[in-house]
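attaching a predicted model along with its sequence, questions to come.
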Amino acid sequence: MLTSAIPFVILWYSMLRSLEYSYWLTLALAVPTAGFLIRLFIIQHDCGHGNFFKSRRVRDWVGRAIGTLLLTPYDYWRKAHAYHHAHSGDLDFRGFGDVDTITVDEYYALTRLQRFQYRIYRHPLVLFGVGPAYQFLIKHRYPTDAPREWTQAWRSVWWTNVAIAGVVAVMWLTIGIENFLLVQLPVTLIGSTLGVWMFYVQHQFEETYWHWHDGWDYYDASLLGSSYLVLPAPLQWITGNIGVHHVHHMSARIPNYKLQQAHDENEEFHVVTKVRFRDTLKLINLSLWDEENQQLIRFRDLKKLRKAA
């Protein structure tokens, strides 16, 4: 907590003071500040999975407090994320808590308008630009995909919105709304984009795992459907080892600071697909699941499939 919250506060205040000199300096400081925002998210993430603190009450209230900073209703996010873990890689349970992915056959069954809409959705500028901003700034204020019977999740949505409004009001009265937005918006946008990018590359790679429910297996989905994102040591630390994602999906109760050790000490984890930072740009155009060849493909690969057929 201390190695995450204290640097974040110091960097955020440094951004505020830098407004007196140069906004370019403010934007430069926004990058490491967003990094520590991601590290705070990992704490919230661990709390949502039932680890990090022994007390559930402490876990939940720490998660809710961090959720206000992240513009994320903690109880809603926890529920949706649990669904993702329970059904990751299951073609019969898609579209909730993950990146929408359809099969080649499903794509051909769409109308021209629907194909165009899916192509827009899967475009990198939308996935990593417009999408994260929409997700955190707008959708989390009123998540229409949450069923009404999720009463605790909806309560979390409303109280998080109230807390955010309170923070904005305090900032307005103390440092001014313009200064607050000039500092917080870049941090939020950079942090949300990096977070979505990491989530994407940890599941969307060529030889990932997708099966219909009858043939779906939790062990295989965890080990084969999650990548091992190999990052330089400083980046792995600031992202809370979440790149060791296959271990996390195998057992979400392992806290972030034990993930690397769990990978190193258990040989069955060593068959995982490794994704290095330089490889991630090759993955951002993957868009469709090819059931016949059991791999994710790009839109341009459809022509090759037609010729082969």
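In hand now; what should we look at?

just the strands from the stretch 51-200 of the chain, written as ranges.
102-103 (DSSP state E, counting those that start in this stretch).

actually the stretch 201-309 of the chain, sorry about that
Ranges of strands within the stretch 201-309 of the chain are 228-230, 274-276, 286-290, 295-298, based on DSSP E, counting those that start in this stretch.

wait, Ser18 sits on Thr33?
No. At 10.9 Å, Ser18 does not count as touching Thr33 under the criterion of CB atoms under 8 Å. (Glycine included, C-beta is placed from N, CA and C.)

so for the two, which sits in the more crowded spot?
More neighbours surround Thr33 than the other of Ser18 and Thr33, with 25 against 19 (other CB atoms under 10 Å).

pLDDT score for the more buried one?
If you check Thr33, the pLDDT there is 97.

neighbours around Trp12, how many?
Residues near Trp12, counting by other CB under 10 Å, number 18.

what sits against the closest residue to it other than its chain neighbours?
Nearest residue to Trp12 in three dimensions, chain neighbours excluded: Thr33, at 5.8 Å (CB to CB, 6 or more residues apart in numbering). Listed by CB atoms under 8 Å, 6 or more residues apart in numbering, the contact set of Thr33 reads 8, 11-12, 15, 187.

residues near Gln294, how many?
13.

likewise Thr151?
Thr151: 10 neighbours (other CB under 10 Å).

and the residue nearest to Trp12, how far from Val99?
Distance, Thr33 to Val99, by CB to CB, to the nearest Å: 26 Å.

with Tyr121 instead?
Noted for Tyr121: a distance of 9 Å to Val99, by CB to CB.

the more surrounded of the two?
Val99 (17 against 14).

do you know the pLDDT at that one?
Val99 carries a pLDDT value of 88.

touching, it and Met198? I think so.
No. Using CB under 8 Å, Val99 makes no contact with Met198, being 12.0 Å away.

find the nearest non-adjacent residue to Ser254, please.
Ser isn't right for residue 254; it's Ile. Per CB to CB, 6+ apart, closest to Ile254 is Ala262, 5.6 Å.

where's the one you found relative to Ala30, distance?
33 Å.

more crowded one of those two?
Between Ala262 and Ala30, counting by other CB under 10 Å, Ala30 is the more crowded of the two (25 against 17).

could you pull up phi and psi at that one?
Main-chain torsions, Ala30, degrees, to the nearest 10: phi -60, psi -30.

wait, it sits on Leu194?
No. Counting by CB under 8 Å, Ala30 sits too far from Leu194 to count as a contact (11.3 Å).

where does the chain have low pLDDT?
309 (pLDDT under 70).

again, only this time at 90
1, 51-54, 94-99, 144-146, 276-282, 292-293, 302-309 (pLDDT under 90).

helices along the stretch 51-200 of the chain, start to end?
Secondary structure of the stretch 51-200 of the chain (DSSP state H, counting those that start in this stretch): helices at 56-70, 74-87, 104-108, 112-122, 124-125, 131-133, 151-174, 177-201.

next one: the third one to chain centre, how far?
Right, the one you point to is helix 104-108. Distance of helix 104-108 from the chain centroid (CA atoms, centre = their mean, to the nearest Å) equals 26 Å.

would you mark the buried spots in it?
By 16 or more other CB atoms under 10 Å, the buried positions in helix 104-108 come out as 104, 107.

using PDB, list the CA coordinates for that helix.
Extracted C-alpha coordinates of helix 104-108, given in PDB (Å, rounded to 0.1, in the frame of the first residue of the first chain):
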ATOM      1  CA  VAL A 104     -15.200 -16.600 -38.500                       C
ATOM      2  CA  ASP A 105     -18.500 -18.300 -39.100                       C
ATOM      3  CA  GLU A 106     -20.300 -15.800 -36.900                       C
ATOM      4  CA  TYR A 107     -18.700 -13.000 -38.700                       C
ATOM      5  CA  TYR A 108     -19.900 -14.300 -42.100                       C
END
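
returning to what we had before: which residues do Tyr121 and Val99 both contact?
Common neighbours of Tyr121 and Val99 (CB under 8 Å, 6+ apart) are Leu127.
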